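Colleague: Output the structure for:
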Amino acid sequence: MPTEWPLDHLPPPSSTLLSVASKRGIVAAAGPDRLVVFSTDTIYAGFKKDPPAGAAHKDVVEDITPEVSIAVPRLSHVAFTSDENYLVISGESEGGIAVYEVDALLHKNTEPAFSIPTEGTPVLVLSPNPQVLPNYIAIVMDGGQLVFADLNIKALVHKSSGGPIFRENVTSVVWSVLGKALLVGLEDGTVVQLAVDGTQMAVIPRPPKLDSSFTGNL
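Modeller: Model (predicted):
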């Protein structure tokens, strides 16, 4: 990274600051003041097969230049969608998501295609759907609210009863392999299975003997 994260001001533990689009052969990463995109070929070329005399017997990394570099404030999340058409980022303090079209980004267009606000609330978890709905992203906000962003409509999804919040007191989420359902961990240790439209499918109760310090982390 061009700039290292300062040891006295590291990103939050929930941050995800590296994402790989393997089919396109690119890697996106965030530093304290910059978003960078490298090609995997550039990264591979940065490893020397023969370390210099006296160096430890391991690969030595050279300085490499990113294909794209964008000045941004501190980020908390960086993620490619599963179809690798979009790169989604979220700021550490102001929340919301900014969405880049990968094709445009690789042609040096460094402006986001659009953004979706989260009412100023930081994002705790940013989890793109892994397969069936690549435009769909599960978001847990810092206050524990579960919402879904739909990149096709460029907005948060609203329930049929109104409002974008599908669950409260959420600590974690994980999609099924195909992305047709997800498990939601709650603060009290309960795990809820939801369909992709937010309909509750099952409840896994908190184990009665589980220590009260544990939450529903997945």
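Colleague: now the helices for the protein?
Modeller: All helices of the chain, identified by DSSP state H, fall at 40-45, 102-106.
Colleague: For Pro13, what are phi and psi?
Modeller: Pro13 adopts backbone torsions of phi -60, psi -30, taken as degrees, to the nearest 10.
Colleague: need the least confident one among the helices of the chain, by mean pLDDT.
Modeller: Lowest mean pLDDT of the helices of the chain: helix 40-45, a mean of 85.
Colleague: most packed of the helices of the chain?
Modeller: helix 102-106 (a mean of 16; mean count of other CB atoms under 10 Å). No exception for glycine: its C-beta is placed from N, CA and C like everyone else's.
Colleague: possible to save the helices of the chain as JSON lines with distance to Ser19?
Modeller: Output for those, formatted as JSON lines (distance: least, CB to CB, whole Å):
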{"stretch": "helix 40-45", "distance to Ser19": "12"}
{"stretch": "helix 102-106", "distance to Ser19": "11"}
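Colleague: so which of those gets nearest Leu18?
Modeller: Nearest to Leu18, of all the helices of the chain, is helix 40-45, at 11.4 Å by CB to CB.
Colleague: what helices or strands is that closest one leaning on?
Modeller: Under the contact definition 3 or more CB pairs under 8 Å, 6 or more residues apart in numbering; DSSP states H and E, helix 40-45 sits against strand 26-30.
Colleague: Dump the C-alpha coordinates for the strand it packs on into CSV.
Modeller: This file holds the C-alpha atoms of strand 26-30, laid out as CSV (Å, rounded to 0.1, in the frame of the first residue of the first chain):
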residue,chain,number,x,y,z
ILE,A,26,-7.7,-7.8,-10.1
VAL,A,27,-7.3,-7.0,-6.4
ALA,A,28,-8.8,-4.0,-4.6
ALA,A,29,-7.5,-2.8,-1.2
ALA,A,30,-7.8,0.2,1.1
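Colleague: Remind me what it packs against, helices and strands.
Modeller: Strand 26-30 packs on strand 18-21, strand 34-39, helix 40-45, strand 75-80, going by 3+ CB pairs under 8 Å, 6+ apart.
Colleague: Next, the angle strand 75-80 makes with the second one.
Modeller: Same thing as strand 34-39. 20 degrees (axes from the mean of the first three to the mean of the last three CA atoms, to 10 degrees).
Colleague: mind listing what strand 34-39 pairs with, with the direction of each?
Modeller: Sheet pairing for strand 34-39, assigned by DSSP bridges, gives strand 26-30 (antiparallel), strand 68-71 (antiparallel).
Colleague: Tell me the buried residues in the longest one?
Modeller: It refers to strand 26-30. Residues Ile26, Val27, Ala28, Ala29, Ala30 are the ones in strand 26-30 that count as buried (16 or more other CB atoms under 10 Å).
Colleague: Which of the helices of the chain sits closest to Val125?
Modeller: Taking the helices of the chain one by one with CB to CB, helix 102-106 is closest: 22.0 Å.
Colleague: still on that earlier bit, which one of the strands paired with strand 34-39 lies nearest to Lys209?
Modeller: Across the strands paired with strand 34-39, closest to Lys209 is strand 26-30 (CB to CB), at 40.2 Å.
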